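J.: Mind looking at a prediction? Sequence and model below.
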Amino acid sequence: MTAFKPNRCGIIAALDTPDPAQALGWAESVAPHVGLVKVGLELFCAAGPGVVRQIAQHRPVFLDLKFHDIPNTVAGAVRSVCAVGDAPGPAMLTLHGGGGAPMIEAARRAAEEAAGPRRPAILAVTVLTSFTAAQLADTGVSGGPAQQVLRLARLALSAGADGLVCSPHEVSLIRDAFGESPLLVVPGVRPAGSDKGDQARVATPEDTAAAGADWLVIGRPITASASPAQAAAAIAASLAG
Ligand SMILES: O=c1ccn([C@@H]2O[C@H](COP(=O)(O)O)[C@@H](O)[C@H]2O)c(=O)[nH]1
């Protein structure tokens, strides 16, 4: 699990498509340039757990299903995705930080029991990168994203999460508050000049890496390009520089 704490900021390519053949093609073509690939709700709901095993042949999988339920149900879901058979299961998985400490503790215990030392890293999603301060206030949370991210980060790390999903805007705040050890996995990353789409709290790969991110989650800037392999290679080169 700690193998996924990189020495230098790396890329996770988000394979957001309902088509498993397309996802496998992307995984194969970007594999030389990225550390992991992400299976999210769209692909998992269309193709099921088998696709995780297939894609894991190319790169370790970050399974981003953002579990959020009562502790017993989330523990069961974690056991199900850890049921590895002879192929590798996910290297990382996500829960909602807002699910509370008992849910996160139950997920961590379930992962340890199901997969032992090969268990996935447990990441707590803080405030979605698509949220503005106004949208967060509409949900009843005052004080803005930074304050809420820090609140959920403290709760999740105390409950046994290995790391956090946050936006580029909160990375340095989290490092200042919690140091180097939490795994920081950061979506909302956009190379200069690329379309933000529905993302609100964004920054470039270079700035996000400099702030202290471990992994940048990048989807459309790679997968919507004419050559996903070249797009991933260019971002990797910008990080190496
Ligand atoms: O707060 C979050 C949590 C997860 N995501 C996921 O990351 C990718 C980002 O894709 P882009 O195409 O680069 O916008 C996507 O799969 C989301 O589900 C996030 O964006 N924000």
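T.: Noted; the coordinates are in hand. Numbers count the residues shown, from 1 in each chain.
J.: What's the first helix or strand after the biggest strand by length in the chain?
T.: Using DSSP state E to define each element, the chain has its longest strand at strand 61-67. Using DSSP states H and E, the helix or strand that directly follows strand 61-67 along the chain is helix 71-82.
J.: Would the helix or strand following that following helix count as contacting the ligand?
T.: Next helix or strand after helix 71-82 toward the C-terminus (DSSP H and E): strand 92-96. No: shown here: strand 92-96 not in contact with the ligand (Cβ under 6 Å from any ligand atom), separated by at least 7.4 Å. Yep, even glycine has a C-beta here, placed from its N, CA and C like the rest.
J.: any residues touching strand 92-96, and which ones?
T.: Contact with strand 92-96 is made by 4, 36, 60, 62-68, 74, 78, 81, 103-104, 107, 111, 120-125, 156, 161, 163, 165, 183, 185, as judged by Cβ atoms under 8 Å, 6 or more residues apart in numbering.
J.: Could you tell me which ones among the residues you listed also sit near the ligand?
T.: Okay, of the contacts of strand 92-96 touching the ligand (Cβ under 6 Å from any ligand atom), that's 64, 125, 165.
J.: What separation is there between residue 136 and residue 201?
T.: 10 Å (Cβ to Cβ, to the nearest Å).
J.: And residue 228, by the same measure?
T.: Residue 228 sits 24 Å away from residue 201, going by Cβ to Cβ.
J.: residues touching the residue lying closest to residue 5 once chain neighbours are set aside, list them.
T.: Once flanking residues are discounted, residue 5 sits nearest to residue 183: 5.9 Å by Cβ to Cβ, 6 or more residues apart in numbering. Contact analysis of residue 183 by Cβ under 8 Å, 6+ apart lists 4, 5, 92, 121, 123, 162, 163, 164, 214, 215.
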